[in-house]
Structures are given as C-alpha cells and as structure tokens.
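Student: Please work out how this folds:
(one chain, ligands or ions: 2)
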Amino acid sequence: MKNKALSCLGRRKRQSSWAEADPERVKAAEEEEAAPCAAWKLPRGGRPAGVNSPRNRHTTTQGPGVQPAANRATAAASSHASGEVCVVGSSEDNAAPLLSEDMEKYSPRNDQQHRGGSREKTCPAESLNKVDSGQSDHSSPGVQCYPGTIPKLIITRDTGPGCSQEVHQPSSSGGCLEPHPDDESPCSDSGCGGSPALMRSRRKLSNSSSFGLSSASSFEESEDDFTGSDIESSLSPGRLSSLCSPEDGPANKSWQKLKTMVHWSPFVASSKKRYPWVQLAGHAGNFQAGDDGRVLKQYCECERQCLQKLKEDVLQPHVPGYYGVVNKGEKDFNVMDDLLADFESPSIMDCKMGSRTYLEEELSKARVRPRLRKDMFEKMVAVDPEAPTEQERAQQGVLKPRYMQWRETLSSTASLGFRIEGIKKADGTCNTNFKKTKLKPQVMKAFGDFVEEDTHTLKLYLHQLEELRLVLERSPFFCSHEVVGSSLLFVHDASGKARVWMIDFGKTVPLSEGQTLDHRTPWVEGNREDGFLWGLDNLIDIFSTMLSPTPSEEKSSDRSKED
Ligand SMILES: Nc1ncnc2c1ncn2[C@@H]1O[C@H](COP(=O)(O)OP(=O)(O)OP(=O)(O)O)[C@@H](O)[C@H]1O
Ligand SMILES: O=P(O)(O)O[C@@H]1[C@H](O)[C@H](O)[C@@H](OP(=O)(O)O)[C@H](OP(=O)(O)O)[C@H]1O
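Tutor: Ligands and ions are numbered 1, 2, ... in the order given. Next up is the predicted model:
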C-alpha cells in the first residue's frame, strides 16, 4: 500500500477538447431557450409517471441557488468596498460565486469533527487536517485573515455561454506563485493549489490532450498517453480504446482512426466478454482491466472508504459493486464492477453532479497554500482566450478554485446542478465538447442525441433517475456525506436496457458526527451542501419535459379528439 498517496497524487487529467460547442448549435440553443418545449421533438410518448411531480421542488433553471448566490454576490460587492473582497460574479448567472472574501470569512465550522472521521493519509479530509493545523481560527463569520499572502480570487462574470468577462483586483502578492508538488489533496488530486504541477510536468504530455482528446485512458497502459497512431499500433488485448470528439479539429484524423477501431476492433477489456472499454471523463491512466467484468481504478483511500460503506447502504444497487484493493505492479487499485460489462455496444453518458465541483477543504487549502496552475490557465485560454485577467495572463496561471468556478459557470453546473462531461454513442462516436453546454435547450439537445431521440430509452432513464432520487433521499450514507465531483453514468444499448449508476467517490467525504445534508440547500461555505439532489431534480425535470408533448402537439391531439 506504499503507493496509496502517490496513486492519487499521480493522477493526470487528459484535457477536454478546446474546440467547444458548435457556435451554430449554441446560437440555436439560445434561440430555443425562449421556447424550450418547442425546441424539442421526440416521438410522442405518454407523460411518464412522476412528470411534474411535486417532488420536483427545484425544477426551474434557476433553482434554489439563485437568490442566495445573488445575495452572496451583492454582499460581496459591498464588502468589496472595504478592500477585502476581490471580485464579484454576475448575479444573473445563477452561479454560486466563491469570493475571496468568502474564502477568508467563512470556514467549514465542523471540520474538526469531520476530519476526525478519516485517518488515512490519502483522504481529502486528512489533507485538510494538515492545512488547518497551522492555521488561525476561521470559524467566526467575521473577516479572518490568513497570515500570509492570498492572491485574490477572481470570479468569472458569466454573461452567457462563451461570454466570460472578469473584473479583477490586483493581487496583494504581486508575484507569480510557483506550483509545488507537495501539499496536495491526495484523493481529489485537487488541492486548490492544484495537482502537483511539477509532478505532472515530469510525465509525458498527452498528445491527445493537446489536440483535444478527452478522457480516455488505457487499460494496462495506465501511465502513458498515446496518439492515434500509438493506438493503432496497440490493437492488442488489454488496450483501451481512446475516443474523442469529431469536433476536435486537428485531431480529426486520429479521431477517425480511433472511431474506426472502436467500431470494428473491440479489445478485450474484461475476461467476461470482448468489448471496447470506454472512459468518458476523469483522469487518464486511472483504470485498468480486471477479471470477471471488473475494473481496477487507481487507489484512492477516500473512494475505498465510500465504496466499502456503500456495500451496506440502500444505495448499493446504484453504485458499482466493490471488491477491495489489489496491488498490481507498483500500484494499488480499488476493484469494482465494470458497469459496461452487461451491455452490447453501449451508449454512455457521464454527468457530473452537484452545483460545486470542489470540496470545502480544497478552499481551506487554497487559503493556506495558494498555487497557480499553468495547465488550467492553458485550458482556460484554449476555450476562451479572453477569459484570463491581465494578471492571470501575466502570471500564466490561475488558481484551481478560480478555474473550477469558471468551468461551473461556463457549463450548467452552477445553473442546473449538473453538467455533461461526455457522451459516447453505440456507433463509436464520442463527444466531450460540453464545456459550454449550459442552457436547458442545449442540454436537452445533447440528451436527445444521446438516446437517439428514442422515447422508450428516455422513459427508462427517467424511471431510473426517479428511483435513484427516492433511494438517495433515504440513504444514511448520502445524507452523511459531502458528495462532490461524483457522476451519474448513463448506459443503454440496443437491447432495450438502460441503467444509471452513481460513480466516482474520490471527493465524497464524511460529515461530522450527527451532521446531515439535504443536498438541495444552496451552498454557503461552511454548510457543505453540494447541490447533488438539486441537480438530480433538474435532470428529472429535463427528462420529463422532453417526454411531455409540446403545446402544438397538445393542440393537435385535442383537435383530433374533437374530430
Ligand atoms: N465502474 C465503472 N464501470 C464502467 N465505466 C466506468 C466505471 N467507473 C468509471 N468509468 C468510466 O470512467 C470515467 C471516469 O470515471 P471517474 O469519474 O470515476 O474517474 P476519475 O478519474 O475519478 O474522474 P474525476 O476526474 O472526475 O475525478 C467515467 O466517465 C466512465 O466512462
Ligand atoms: O474538466 P477539466 O476542465 O479538464 O478540469 C478538471 C475537472 O474539473 C476535474 O473535476 C478536476 O479534478 P478533481 O475533481 O479531481 O479535482 C481537475 O483537477 P486536477 O487537474 O487538479 O485533477 C480539473 O483539471
């Protein structure tokens, strides 16, 4: 187990495509926003059970986070005058902007107890322990100053998809903060000072990343990325098929090759049967093939604890089965069910859940050790060259919370409580260009495309989501954990099966004894709410809307009844 910490530290993210949503589609979606129902055409189906159910308590685009977020922005704006605040996000964007003021003003009040819950070095909570041990008390709601230099956190002023503007205050530090390989939030690879950039830079850079391949990593190829040609020459059992989007621009040629391979040359991804393994999102190199329909995921203590606890929870049927830790080569892995194993040429979608994608402890850490992320700066520039502030440009780096918030407001995370990370369809095509998929009509289009506009599949998914919500609402595990960065994995195939599972517990951490979350209350730092159920409510609402007849369909149906 000596590599536990390293295994999480060493994770590396294959960058998503920079060539984001097709402007035509964005424009169309924006137009459709005005008439969302009409924008969506599915073969007509009956209104499924649960549609417009009173359970959908937060079924508007705005959701519960809007007002408080706006309030926070307003509050921050006034505090800004005092010189403590850095920048204020737009109140229209539904985001829950984290302000530097917030970072200093609030703190997770129950963290001491919370941290006691986790002893392992690799758990995010543990890294927070280290952070706080040398830190002054942040528990009072008054402005608490960390006795060091904290670069101002700059909040994206989001005026719509692809339209980022920032206002910024000069950093008190004035200088560039060097990334540091130490001080990492091990499990999450996050640390808000960022993943260990130096460590990362020692690794071979992903060719695929450079041209926008999203996250597809290799079985038994866990450390090295490969180019299209690498893959082509790797048509051997145990290799992973790497996928990218047809919209990825310069990668098109490689993508074509990959697509063809995926389509025609399935690899052995499991001894259970032959099929191409697909990793739609996440950190490259995190997965390897296991036996008997199982996969090995790079060890993370936090995730181990969750998967272990989930074996005893009502959520168990909705998460991958867990089979402990194995050591392979120099590394430890968590062994879990391969959720694709029982499908033939599955279509897969990964939706990252929640209104926030970083843990509260990551913020605490950022206060203590703010680190600039060059890789994140580059990812930001690739999507929107105008996004970084002058200062960030000068520093060629951004703080991780700033990047994460920018991603959240650019996509639907902040406004809907979930975002699409990637979609792979049965024909092998794969799209990970969803960074700017933010508006409901855009999301609906993506979902419609994913299910090939098949009402039956949509209904199955809706049913699964409603069932999952019921279970989540009574799950002891769920109410006692801050669930951040977890995804819903949607899988269906031509046989008529469609399933949804919850995956990725690398940033799911226990609350303090007796504390619970409802996962719908808007987040204010310290309350640890994650917006997971709010996002699920919105997902359910969207699936329901897609299955509802449009007003014109209703009219014509009324007319035919009259006739
Ligand atoms: N048990 C599983 N069975 C099948 N596919 C899986 C499973 N777990 C993960 N995947 C695939 O791998 C992708 C990434 O998974 P996951 O989110 O767990 O990785 P990660 O590296 O921890 O991601 P992140 O960067 O969000 O922390 C998913 O989108 C899915 O395609
Ligand atoms: O999707 P993108 O734009 O590539 O951005 C990544 C995404 O936000 C991941 O969720 C995050 O990993 P964690 O959730 O584990 O923090 C990763 O941080 P990282 O680079 O520090 O791993 C980011 O780079």
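Student: I figured Leu307 hits Tyr323, correct?
Tutor: No - look at Leu307 against Tyr323 with Cβ atoms under 8 Å: they stay out of range, at 9.1 Å. Any C-beta I mention is one placed from the backbone N, CA and C, and that applies to glycine too.
Student: For the chain, spot the helix or strand the model is least confident about on average.
Tutor: Using mean pLDDT, DSSP states H and E, helix 228-232 stands out as the lowest-scoring helix or strand of the chain, at a mean of 24.
Student: and Met353, how many neighbours?
Tutor: Neighbours of Met353 under the rule other Cβ atoms under 10 Å: 26.
Student: Tell me how far it lies from ligand 1.
Tutor: With distances taken as Cβ to the nearest ligand atom, to the nearest Å, Met353 is found 11 Å from ligand 1.
Student: wait, isn't Val314 in contact with Glu473?
Tutor: No - contact between Val314 and Glu473 fails when scored by Cβ under 8 Å: they sit 10.0 Å apart.
Student: where's the closest residue to Arg474 other than its chain neighbours, which helix or strand?
Tutor: Distances taken as Cβ to Cβ, 6 or more residues apart in numbering place Val314 nearest to Arg474, at 6.3 Å, with adjacent residues excluded. Assigned by DSSP states H and E, Val314 falls within no helix or strand.
Student: how far away is the single nearest residue of the chain relative to ligand 1 from Phe490?
Tutor: Distances between the chain and ligand 1 by Cβ to the nearest ligand atom are smallest at Gly282, namely 2.6 Å. Gly282 sits 15 Å away from Phe490, going by Cβ to Cβ, to the nearest Å.
Student: Leu280 now?
Tutor: For Leu280, the distance to Phe490 - Cβ to Cβ - is 10 Å.
Student: which residues do those two both contact?
Tutor: Ile348, Met349, Asp350 (Cβ atoms under 8 Å, 6 or more residues apart in numbering).
Student: Who wins on neighbours among the residues you listed?
Tutor: Going by other Cβ under 10 Å, Met349 tops these with 27 neighbours.
Student: these two touch, right, that residue and Phe450?
Tutor: Yes - using Cβ under 8 Å, Met349 is in contact with Phe450, at 5.1 Å.
Student: follow-up on the earlier one: who are the neighbours in contact with the residue nearest to Arg474?
Tutor: Val471, Arg474, Ser475, Pro476.
Student: out of the residues you listed, which one sits closest to ligand 2?
Tutor: Out of the contacts of Val314, the member with the shortest distance to ligand 2 (by Cβ to the nearest ligand atom) is Ser475, at 22.0 Å.
Student: Report the rounded mean pLDDT for the biggest helix by length in the chain.
Tutor: The helix that spans the most residues within the chain, counting by DSSP state H, is helix 455-473. If you average the pLDDT over helix 455-473, you get 98.
Student: could you say what helices and strands that helix packs with?
Tutor: strand 487-492, strand 498-503, helix 532-547 (3 or more Cβ pairs under 8 Å, 6 or more residues apart in numbering; DSSP states H and E).
Student: Can you lay out these as TSV showing mean pLDDT?
Tutor: Shown next, in TSV, are the helices and strands packed on helix 455-473 (pLDDT from 0 to 100):
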stretch	mean pLDDT
strand 487-492	98
strand 498-503	98
helix 532-547	98
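Student: can I get those in a markdown table with distance to ligand 1 and mean neighbour count?
Tutor: Formatted as a markdown table, the helices and strands packed on helix 455-473 follow (distance: least, Cβ to the nearest ligand atom, whole Å; neighbours: other Cβ atoms under 10 Å):
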| stretch | distance to ligand 1 | mean neighbour count |
| --- | --- | --- |
| strand 487-492 | 5 | 23 |
| strand 498-503 | 5 | 20 |
| helix 532-547 | 14 | 24 |
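Student: Now render those as TSV, adding distance to ligand 2.
Tutor: Written out in TSV, the entries for these read as follows (distance: least, Cβ to the nearest ligand atom, whole Å):
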stretch	distance to ligand 2
strand 487-492	10
strand 498-503	13
helix 532-547	14
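Student: and Val398, backbone torsions?
Tutor: Backbone torsions of Val398, given as degrees, to the nearest 10, read phi -130, psi 160.
Student: let me redo that: His519
Tutor: Taking degrees, to the nearest 10 as the convention, His519 sits at phi 60, psi 20.
Student: so how far is Ser355 from the closest residue to it other than its chain neighbours?
Tutor: Excluding the flanking residues, the one nearest His519 by Cβ to Cβ, 6+ apart is Leu533, at 3.8 Å. As judged by Cβ to Cβ, Leu533 and Ser355 stand 10 Å apart.
Student: does ligand 2 sit close to the helix or strand hosting Ser415?
Tutor: In the assignment (DSSP H and E), Ser415 maps to helix 413-416. No - applying Cβ under 6 Å from any ligand atom, one finds helix 413-416 separated from ligand 2 by no less than 9.5 Å.
Student: Heading C-terminal from that helix, find the next helix or strand.
Tutor: strand 418-424.
Student: Could you please name the strands the following helix or strand past that following strand pairs with and the direction of each pair?
Tutor: Next helix or strand after strand 418-424 toward the C-terminus (DSSP H and E): strand 430-431. Strand 430-431 has its sheet partners listed here by DSSP bridges as strand 418-424 (antiparallel).
Student: Not counting the strand it pairs with itself, show me its contacts.
Tutor: Outside strand 418-424, the residues touching it (Cβ under 8 Å, 6+ apart) are 214-215, 243, 278, 280-281, 347-354, 408, 411-413, 430-432, 434, 437, 443, 446, 449-450, 487-488, 535-536, 538-539.
Student: What residues does the stretch 301-450 of the chain have near ligand 2?
Tutor: Contact residues, the stretch 301-450 of the chain versus ligand 2 (Cβ under 6 Å from any ligand atom): Thr357, Lys379, Lys400, Met404, Arg407.
Student: Can you name the residue of the stretch 201-350 of the chain nearest to ligand 2?
Tutor: His283 (6.2 Å).
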